[in-house]
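Next one to model:
(one chain, ligands or ions: 1)
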Amino acid sequence: MENLERVLQLNIGVAQEDNGRMFDLLSEIFPLDILSIPSGTEYNGWIVPDDWQVKRASISGSMRQFFDGTEHPLAVAQYSDSFHGTVNYRELYEHVFTRPDVPSAYPYHSQWLYRPWESNWGFCVPYNQYTAWPDCDYHIDLETVKTPGHMKIGYSHIEGYYPETIVFAAHTCHACQANDGLAAVFVLLELFKWITQRQRKYSYLLLLGPEHYGTIFYLKQQRDLSIYRGGVFLDMPGSDGPLYLQRSFEQNTAIDDIAEYTMRQVQPDLQIGPYAETFGNDETVWENMAEMPMVAVSRWPYREYHTSADNLDIIIDAKMSETLEALKKMVLLIEKNFRFDSGPTYLSLSNPNYNLYRHHPVPGVVRPLCRSERNMARMQGSLFRWFNSDKTLLDMARRWDIPFTTLHEYIKHFQDKSLLKVKENWL
Ligand SMILES: [Zn+2]
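Numbering: from 1, shown residues only. Model prediction:
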């Protein structure tokens, strides 16, 4: 939380000077490599914006100042142009953004960062303040400066036994907002500290950068996009709401299954929605540029979204930990899962040479079984179909509603007896 608080004090954005300071701080927690892309760099119409600073931002009239936009980094619309002049109440209305539903907060207006060709001048004013202003002429003294800077992207690609890579991503461009972006960054830094300490089958990429831009310019530099097998875009992990899973474009890929299965372990009544239903973040870049399935995990929606009220007050430690727990479970499952390759066709499991039979309930012979025992017994009726299929152990666990670890232990007996071949690289 302390480190999150320090980053919240910086004036971060897409190509803001403070982004360098932010990545220095993040790298103290987990070492990151940094890509630096100059302002003006263009790719497919995406243009890295300039560094943008507010010098003066005053709204005055009737012999007094109504608003000083230098008091808060969100108080001037991001990437606003300069403007000096006098406007009437009606004209001012066109350039003031408010959030009546969060009336004492500064709204976050970011559209011009992504469409610099549409930029205009604008203020983001708490609704309660704005509605108290009289109908008079206003003098605007708004001086902003756009100068070429660098967009910074922080990443860490940690190698496993296989080059196939799982991606975890979050964005770093929302100034002064805790839950939307930065909280996710801190959860992922913890996740990667944990992953690096573990033996790994797979490789993992942590990618932190400005929304859309960061991923676009990172991917543009990668030669082989086929190594990326699935990803999780994390956002808004710390607010007081349930976890929400947004599926990937294809909806039923391995990463969808993994995310759903593990998130249900921490939140049985998990809410799930289709691709592009609520989010349009970097998962759209991964899906379109790399054709890699990416799910999005969040606690969407929350009231303070895109306002200055998205601050440390709404971040709950237990929610952050719960999110981290869910992501760790995903990694563990990715690492443990495998694909069946080949096995015998039909063994007598109860033969003492194998001793692998799990009882079916038989009236008068076998006592009544509990649900998981019954499910194990049902599963046996198709065991050898699975062994000779191209399905995964997780597919089997889901089909028969048997805990993955229970099934993993059972199937391991077949491997130990050299009765089963599996493909460890299942993604
Ligand atoms: Zn946002």
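
neighbours of residue 416, just the number please.
Using other CB atoms under 10 Å, residue 416 has 9 neighbouring residues. (Each C-beta comes from the backbone N, C-alpha and C, glycine too.)

how about it, phi and psi?
Per-residue torsions, residue 416: phi -60, psi -30 (degrees, to the nearest 10).

Strands of the stretch 301-427 of the chain, residue ranges please.
Under the criterion DSSP state E, counting those that start in this stretch, the stretch 301-427 of the chain contains strands at 339-342, 421-423.

same thing with the stretch 151-300 of the chain?
With strands called from DSSP E, counting those that start in this stretch, the stretch 151-300 of the chain shows them at 165-171, 203-209, 228-234, 244-246, 271-273, 294-298.

Nearest to residue 103, out of those strands?
Comparing the strands of the stretch 151-300 of the chain by their distance to residue 103 (CB to CB), the top pick is strand 294-298, with 24.6 Å.

what residues does that closest one touch?
Identification of contacts with strand 294-298 by CB atoms under 8 Å, 6 or more residues apart in numbering yields 167, 169, 230-237, 243-248, 255-256, 259, 263, 278-279, 281-283, 286-287, 323, 326-327.

Please, which helix or strand holds residue 57?
Residue 57 is located in strand 51-61, with elements delineated by DSSP states H and E.

which helices and strands does that strand pack with?
When contacts are defined as 3 or more CB pairs under 8 Å, 6 or more residues apart in numbering; DSSP states H and E, strand 51-61 sits against strand 64-68, strand 138-147.

which of the ones you listed sits most buried?
Of the helices and strands packed on strand 51-61, the one with the most neighbours on average (mean count of other CB atoms under 10 Å) is strand 138-147, at a mean of 17.

In contact with the closest residue to residue 379 other than its chain neighbours, which residues?
Leaving aside its sequence neighbours, residue 379 sits nearest to residue 400 (CB to CB, 6 or more residues apart in numbering; 4.2 Å). Counting by CB under 8 Å, 6+ apart, residue 400 makes contact with 375, 376, 378, 379, 407.

can you do 7 Å?
375, 378, 379 (CB atoms under 7 Å, 6 or more residues apart in numbering).

Go through these and say which is closest to residue 356.
Nearest to residue 356 among the contacts of residue 400 is residue 379, at 11.9 Å by CB to CB.

What separation do you get for the closest one and residue 357?
Separation of residue 379 from residue 357 (CB to CB, to the nearest Å): 12 Å.

which residues touch residue 343?
384, 387, 388, 414, 419, 420, 421.

residues in contact with the closest residue in space to it that isn't next to it in sequence?
Of all residues not flanking residue 343 in the chain, residue 387 sits nearest, at 3.0 Å (CB to CB, 6+ apart). By CB under 7 Å, 6+ apart, the contact set of residue 387 is 340, 342, 343, 420.

Can you say which of the strands of the stretch 301-427 of the chain is packed in most?
When the strands of the stretch 301-427 of the chain are compared using mean count of other CB under 10 Å, strand 339-342 is most buried, at a mean of 16.

Dump that strand to CSV, keeping only the CA atoms.
Extracted as CSV, the C-alpha positions of strand 339-342 are listed here (Å, rounded to 0.1, in the frame of the first residue of the first chain):
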residue,chain,number,x,y,z
ARG,A,339,-2.9,-33.4,-22.3
PHE,A,340,-3.5,-37.1,-22.6
ASP,A,341,-1.5,-38.9,-25.2
SER,A,342,-2.0,-42.7,-25.1
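
what's that strand packed up against?
Packing contacts for strand 339-342, counted by 3 or more CB pairs under 7 Å, 6 or more residues apart in numbering; DSSP states H and E, involve helix 383-387, strand 421-423.

Serialize these to JSON lines and add fields for distance to residue 333.
Shown next, in JSON lines, are those (distance: least, CB to CB, whole Å):
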{"stretch": "helix 383-387", "distance to residue 333": "18"}
{"stretch": "strand 421-423", "distance to residue 333": "15"}
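
What separation do you get for the closest residue in space to residue 167 that isn't next to it in sequence and residue 330?
Closest residue to residue 167 in three dimensions, ignoring its sequence neighbours and counting by CB to CB, 6+ apart: residue 231, at 3.3 Å. To residue 330, residue 231 is 11 Å away according to CB to CB.

neighbour-wise, which of those two wins?
residue 231 (27 against 24).

Quick one: residues contacting that one.
Neighbouring residues of residue 231 by CB under 7 Å, 6+ apart: 166, 167, 168, 169, 255, 286, 292, 294.

Pipe those into CSV and attach distance to residue 138 per row.
Below are the contacts of residue 231 laid out as CSV (distance: CB to CB, whole Å):
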residue, distance to residue 138
166, 53
167, 48
168, 46
169, 42
255, 52
286, 45
292, 49
294, 45
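
Of those residues, just say which sits nearest to residue 303.
Within these, the smallest distance to residue 303 is 25.1 Å, found for residue 169 (CB to CB).

how does this protein divide into domains?
For the chain, automatic domain parsing gives the domain ranges 2-47+150-336, 51-147, 339-423.

re the thing from before, tell me what the residue nearest to residue 167 is bridged to.
residue 167, residue 294 (DSSP bridges).

what about it, distance to residue 108?
25 Å.

Please apply the same query to residue 295.
In terms of CB to CB, residue 295 sits 25 Å off from residue 108.

For this structure, which helix extends over the most residues?
For the chain, the longest helix by residue count, based on DSSP state H, is helix 317-336.

what's that helix packed up against?
Contact here means 3+ CB pairs under 7 Å, 6+ apart; on that basis helix 317-336 packs against helix 183-196, helix 254-266.

could those go into CSV alongside mean pLDDT, mean neighbour count and distance to residue 20?
Shown next, in CSV, are the helices and strands packed on helix 317-336 (pLDDT from 0 to 100; neighbours: other CB atoms under 10 Å; distance: least, CB to CB, whole Å):
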stretch, mean pLDDT, mean neighbour count, distance to residue 20
helix 183-196, 98, 21, 15
helix 254-266, 97, 21, 32
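
what would those look like in JSON lines with distance to residue 54?
Converted to JSON lines, the helices and strands packed on helix 317-336 look like this (distance: least, CB to CB, whole Å):
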{"stretch": "helix 183-196", "distance to residue 54": "24"}
{"stretch": "helix 254-266", "distance to residue 54": "40"}
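
distance of the residue located most distally from the centre of the chain from residue 105?
Farthest-out residue of the chain from its mean C-alpha position, per CA atoms, centre = their mean: residue 364, at 53.8 Å. Residue 364 is 70 Å from residue 105, where distance means CB to CB.
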